[in-house]
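Enquirer: When you get a sec, could you give me coordinates for this:
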Amino acid sequence: MKTFEELRLMVEDAIKNLNLPLEPKNFYDPVRYILSLGGKRMRPVFTLMACNLFSDDVSKAVRPAIGMEVFHNFTLLHDDIMDHSNLRRKKPTVNAKWNDNVAILSGDGMCYIASQLVMESPAELRTEIMNLYHKTAIEVCEGQQYDMDFENQDDTKEQDYLEMIRLKTAVLPAACLKIGALIGGATEQQAQTIYDAGILVGLAFQLQDDYLDNYSTPEILGKPVGGDVNECKKTIFYIKTLDFIEENKKQEWINFYKSKDLSFQDKHNKAKEYFAKYKVDEYCQNLVNDYYKQAYKKLDTLDIKNLDVLKDFVEKLRVRIS
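Expert: Model (predicted):
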């Protein structure tokens, strides 16, 4: 069984060797740029790791794995435009470095490049994997639409939010795990079990991102802390504060959260006072830990060797600080 670092290096090498065309320069350079910014490479490593659980040969999963990473980065390009973001991974976003139109077009191209790469799955699995890929891509778009819809809703419910992040965030790593498992030779039941565990990990991962957006540092986060509050994002922190606050103060919280009167830092500091008073930070951390526990329990039902390698990687995600 290969180590996380061995698999990560395989991913990095494969990305460097994509051999994208040089022209048109303003079409392909943004693609190279966003892929060069690094990141955790969680999704392609999940693909290779899941494959390696069932097969010693992970080479057949490399190109599909890179396809899933290209797709993930395509969604980041378009997210940054929608969120008017200027920084990602401590570097200018594509829309900031070039412009919105370039980011839209390069992102569109990445979606098709990703599809080409995923299609390089083994022939006997290609239809099943492409169906999963396209289903996942549509679900990610659905999740993004729900996220935008929430911007105009004051009373977003926890279950609605969890469904949104399941679609927007969790289905992609889950699909990566299932694709890797299928390529490695897993049974349909084994592949579905690892997919279900991936959903739980994805939910925990996004909820942890919500926490870090409030309690990390700009140096670690790679962007200003408190962005969700200042962009009025209806994260678990907004929702649970609204749930826990006294009835006669609910409108006060809603009005504060939508307000543009305070400076970036002052608004975030004030929001954290609410979070502390109603112990929303504790609630979020408990929810994160519960999803990870459920994921471990799900993985433990897989009667296969070397499962600890995957569980150790998931644990690294759980204890991450960025």
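Enquirer: Please tell me the pLDDT value assigned to the nearest residue to Tyr278 once chain neighbours are set aside.
Expert: Spatial nearest neighbour of Tyr278, excluding adjacent residues (C-beta to C-beta, 6 or more residues apart in numbering): Phe244 at 4.0 Å. C-beta coordinates here come from the backbone N, C-alpha and C atoms, glycine included. What the model reports as pLDDT for Phe244 is 98.
Enquirer: Touching, Phe244 and Asp281? I think so.
Expert: No. The criterion here is C-beta atoms under 8 Å, and Phe244 misses it with Asp281 at 11.7 Å.
Enquirer: Would you report the backbone torsion angles of Ser263?
Expert: Phi and psi for Ser263, reported as degrees, to the nearest 10, are phi -70, psi 160.
Enquirer: That one and Gly226, how far apart?
Expert: Ser263 sits 11 Å away from Gly226, going by C-beta to C-beta, to the nearest Å.
Enquirer: could you pull out the strands for the chain?
Expert: For the chain, the strands defined by DSSP state E occupy 87-88, 91-92.
Enquirer: would you list these in a markdown table and tack on mean neighbour count and mean pLDDT?
Expert: Listed next are the strands of the chain as a markdown table, based on neighbours: other C-beta atoms under 10 Å; pLDDT from 0 to 100:
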| stretch | mean neighbour count | mean pLDDT |
| --- | --- | --- |
| strand 87-88 | 18 | 86 |
| strand 91-92 | 16 | 92 |
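Enquirer: Tell me which of those sits nearest to Glu158.
Expert: For the strands of the chain, proximity to Glu158 was assessed by C-beta to C-beta; strand 87-88 is nearest, at 27.8 Å.
Enquirer: coming back round to it: so Ser263 and Gly226 - more neighbours on which side?
Expert: Using other C-beta atoms under 10 Å as the criterion, Ser263 and Gly226 rank with Gly226 on top: 22 against 9.
Enquirer: what's the closest residue in space to Thr136 that isn't next to it in sequence in contact with, if anything?
Expert: Nearest non-adjacent residue to Thr136, counting by C-beta to C-beta, 6+ apart: Ala175, 4.2 Å away. By C-beta atoms under 8 Å, 6 or more residues apart in numbering, the residues touching Ala175 are Met68, Leu132, Tyr133, Lys135, Thr136, Tyr195, Gly198.
Enquirer: the helices in the stretch 151-300 of the chain, which residues?
Expert: In the stretch 151-300 of the chain, the helices defined using DSSP state H, counting those that start in this stretch lie at 158-165, 171-184, 188-215, 218-221, 227-230, 236-244, 250-258, 264-277, 280-300.
Enquirer: Tabulate these (a markdown table), appending distance to Asn95.
Expert: Below are the helices of the stretch 151-300 of the chain laid out as a markdown table (distance: least, C-beta to C-beta, whole Å):
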| stretch | distance to Asn95 |
| --- | --- |
| helix 158-165 | 23 |
| helix 171-184 | 21 |
| helix 188-215 | 20 |
| helix 218-221 | 19 |
| helix 227-230 | 16 |
| helix 236-244 | 25 |
| helix 250-258 | 25 |
| helix 264-277 | 20 |
| helix 280-300 | 29 |
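Enquirer: which of those sits most buried?
Expert: Highest mean neighbour count among the helices of the stretch 151-300 of the chain (mean count of other C-beta atoms under 10 Å): helix 171-184, with a mean of 28.
Enquirer: Kindly calculate the angle that that one makes with helix 188-215.
Expert: Angle of helix 171-184 versus helix 188-215, following axes from the mean of the first three to the mean of the last three C-alpha atoms, to 10 degrees, is 150 degrees.
Enquirer: Just want the angle from helix 171-184 to helix 158-165.
Expert: Going by the same axes, to 10 degrees, helix 171-184 makes 50 degrees with helix 158-165.
Enquirer: Let's test this: mean pLDDT of helix 171-184, rounded?
Expert: Helix 171-184 comes out at a mean pLDDT of 98.
Enquirer: next one: it to chain centre, how far?
Expert: Relative to its chain's centre, helix 171-184 lies at 14 Å (C-alpha atoms, centre = their mean, to the nearest Å).
Enquirer: next one: stretch 222-237
Expert: 16 Å.
Enquirer: likewise stretch 313-320?
Expert: Averaging C-alpha positions (C-alpha atoms, centre = their mean) puts stretch 313-320 14 Å from its chain's average.
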